[in-house]
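J.: Just the structure for this:
(one chain, ligands or ions: 1)
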Amino acid sequence: MTQAPLLRQITDYANRADPYPLYAELRKTPVFQEEDGGPFVISTYWDIQSLLHDPRISSDAANLTARGDGELTEQEEETALPPSFLRLDPPEHDRLRRMTNRPFGPPHSPRRVHDMRGELAGIVSDLIAGFGDTDRIDVVDQFSYPFPVTVICRLLGVPREDEPRFHSWADTIAAGLDPVPGDDPTERNRVTHEARMQLGMYLAGLVEERRKTPGDDMLSELVTSHGPDGPMTTMEVLSTAALLLIAGHETTVNLITNGMLTLLRHPEALQRLRDDPRLAVNIVEELLRYEPPVQLVPQRTCIADIEVRGVTIPKGSSIWLVLAAGNRDPERFEDPERFDPDRKDIQHLGFGSGIHSCFGAPLARLEAQLALTELARRLDNPRLVEDPPPYRQNAVLRGPRHLNITFDGLR
Ligand code: HEM
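T.: Down below sits the predicted model:
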């Protein structure tokens, strides 16, 4: 039997539960191009790291002249779609990122994130209380999924009574990124487009209100700020708010779910976390290396010829940076296939690197640390119902669709 091409195997749903042997195969050819005109796929740690810092690599889709999709579906291509600074190059990228950063606080002491710790802990407790007195839950539907959307609502200052509407738009947009095979793509696009429109209109109304009566929330600060760059225009605020929602939702869901799955597969680590919540910091970093929610960055373009390991990648080529393969590169990490919460050297690529490195990293870290610590503490003797669990279709934002677990009650 002939083997399917490697990129097709990587995006094939059948390999979603464990793509790591395929990534090991990929690393044997660090600059990999399966067919003429297809993307150049980079899978080794140091090469990914250096390209993420290379100004000859553009994030602006307008620069793409070659075919960049490889084997990705439209949804996987679009996962990073929000039309804000994620898909822009300097100087526009830097201006918008700087303006968004201001209400978030200085880069190394994210004031707003730190201030939210108590509020985040309250949301986690409420979600766990919502399990009721059952002995079986789906971690995704009942916990990891609603948590980050609620957090973004509070961050932006969405009034509590509007949160359910916001959740429903976010759900529809996220589902649009993860199509069920066999469903009607035209209908799905219509529904997703409708949800985006409604979310946009809702946010536009909120922006107008905050302009008139500012509150103590991020949206108010963005529209009233008098920093050197001035306030954002309404369109800039809308696209930034949508970026925060989309970039910060599915990713955080997957970090928490992958985290719970990994801990249930490593019960000694789960027990240690239960005994000592301080271990959460290291566990979350190791998870971002071992099971990164963003497996690859598919939307970069060379704006000049670039030589990597003796191979010339021509100007106009599309590049995929497989963060998850770099994270398990034996040239960078000792015993990389092992989940090791005591690992000392964990400079992972889970949040990317360089000018586009994850803007929400401090928030994502805090959310995952609080979530996993509380689940470990409160669930008595949790066990997986099925291993591996069913995964989402998406190969870029990879994570379980459901994570059913049983336990002996809440502590
Ligand atoms: C960028 C991962 C959570 C906002 C990125 C990138 C990665 C990433 C890999 C780089 C993309 C690229 O280079 O093209 C993650 C993971 C998360 C997470 C694994 C959760 C575990 C969040 C949250 C927010 C957020 C909670 C917002 C509240 C952003 C934004 C960018 C970004 C705005 C674009 C930064 C730029 O272009 O300058 N994220 N992210 N992310 N992330 Fe996250």
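J.: Now the residue of the stretch 151-300 of the chain found nearest the ligand: closest residue in space, sequence neighbours ignored.
T.: Nearest residue of the stretch 151-300 of the chain to the ligand: Gly248, at 2.9 Å (Cβ to the nearest ligand atom). C-beta coordinates here come from the backbone N, C-alpha and C atoms, glycine included. Spatial nearest neighbour of Gly248, excluding adjacent residues (Cβ to Cβ, 6 or more residues apart in numbering): Gly360 at 4.8 Å.
J.: re earlier: can you tell me the helix or strand for the residue of the stretch 151-300 of the chain closest to the ligand?
T.: With elements taken from DSSP states H and E, the one containing Gly248 is helix 234-265.
J.: so Ile346 touches Glu285, yeah?
T.: Yes: Ile346 lies in contact with Glu285 (Cβ atoms under 8 Å); the separation is 4.6 Å.
J.: Identify the contacts common to the two.
T.: Shared contacts of Ile346 and Glu285 (Cβ atoms under 8 Å, 6 or more residues apart in numbering): none.
J.: what residues does the stretch 101-250 of the chain put near the ligand?
T.: Contact residues (Cβ under 6 Å from any ligand atom) of the stretch 101-250 of the chain with the ligand: 243-244, 247-248.
J.: that older thread, what about the residue of the stretch 151-300 of the chain closest to the ligand, how many residues nearby?
T.: Using other Cβ atoms under 10 Å, the number of residues around Gly248 comes to 21.
J.: residues contacting it?
T.: Taking Cβ under 8 Å, 6+ apart, we find Gly248 in contact with 148, 151-152, 360, 363-364.
J.: Distance check, it against Leu156.
T.: 11 Å (Cβ to Cβ, to the nearest Å).
J.: Also Ser357?
T.: Counting by Cβ to Cβ, the gap from Ser357 to Leu156 is 22 Å.
J.: Can you pick out the residue with more neighbours from these two?
T.: More neighbours surround Leu156 than the other of Ser357 and Leu156, with 22 against 12 (other Cβ under 10 Å).
J.: My guess is the more buried one contacts Ser220. True?
T.: No: using Cβ under 8 Å, Leu156 is not in contact with Ser220, being 9.4 Å away.
J.: before we move on, the earlier item: would you list the phi and psi of the residue nearest to Gly248?
T.: phi -100, psi 10 (degrees, to the nearest 10).
J.: ok now do it, which residues does it touch?
T.: 244, 247-248.
J.: Tell me where the stretch 201-350 of the chain has helices.
T.: 218-224, 234-265, 267-275, 280-290, 323-326 (DSSP state H, counting those that start in this stretch).
J.: pLDDT of stretch 53-64, averaged?
T.: Mean per-residue pLDDT for stretch 53-64: 88.
J.: Hmm, I typed the wrong one, I wanted stretch 353-373.
T.: Averaged across stretch 353-373, pLDDT comes to 96.
J.: Output the residue of the chain whose distance to the ligand is smallest.
T.: Gly360 (2.0 Å).
J.: in stretch 341-357, what counts as buried?
T.: 341, 343, 346, 348-353, 356 (16 or more other Cβ atoms under 10 Å).
J.: do you know how far Gln9 is from Glu34?
T.: Applying Cβ to Cβ to Gln9 and Glu34 gives a distance of 11 Å.
J.: near the ligand, which of the buried residues of stretch 341-357 show up?
T.: 350-352, 356.
J.: which one of these is nearest Gln49?
T.: When those are compared for distance to Gln49 (Cβ to Cβ), Gly352 comes out closest, at 9.9 Å.
J.: pretty sure the closest one is touching Asn327, no?
T.: No: if you go by Cβ under 8 Å, Gly352 and Asn327 don't touch, sitting 11.5 Å apart.
J.: anything in contact with each of those two?
T.: Joint contacts of Gly352 and Asn327 (Cβ under 8 Å, 6+ apart) do not exist.
J.: Without its sequence neighbours, what residue ends up closest to Leu244?
T.: Using Cβ to Cβ, 6+ apart, the closest residue to Leu244 is Ile152 (6.0 Å).
J.: my guess is the one you found meets Ile246, correct?
T.: No: Ile152 sits out of contact with Ile246 when judged by Cβ under 8 Å, with a separation of 9.6 Å.
J.: Would you quantify the distance from Glu25 to Pro19?
T.: Taken as Cβ to Cβ, the span from Glu25 to Pro19 is 10 Å.
J.: Tell me who's in contact with Leu52.
T.: Here Leu52 is in contact with 297, 321, 349, 352-354, 356-357 (criterion: Cβ under 8 Å, 6+ apart).
J.: show me where this protein has strands.
T.: Per DSSP state E, the chain carries strands over the ranges 31-32, 40-42, 57-58, 136-138, 297-302, 306-308, 311-313, 318-321, 383-384, 404-406.
J.: mind checking which of the ones you listed is nearest Gly176?
T.: When these are compared by Cβ to Cβ, strand 297-302 sits nearest Gly176, at 17.4 Å.
J.: Give me the packing partners of the closest one, helices and strands only.
T.: Counting contacts by 3 or more Cβ pairs under 8 Å, 6 or more residues apart in numbering; DSSP states H and E, strand 297-302 is packed against strand 57-58, helix 74-78, strand 318-321.
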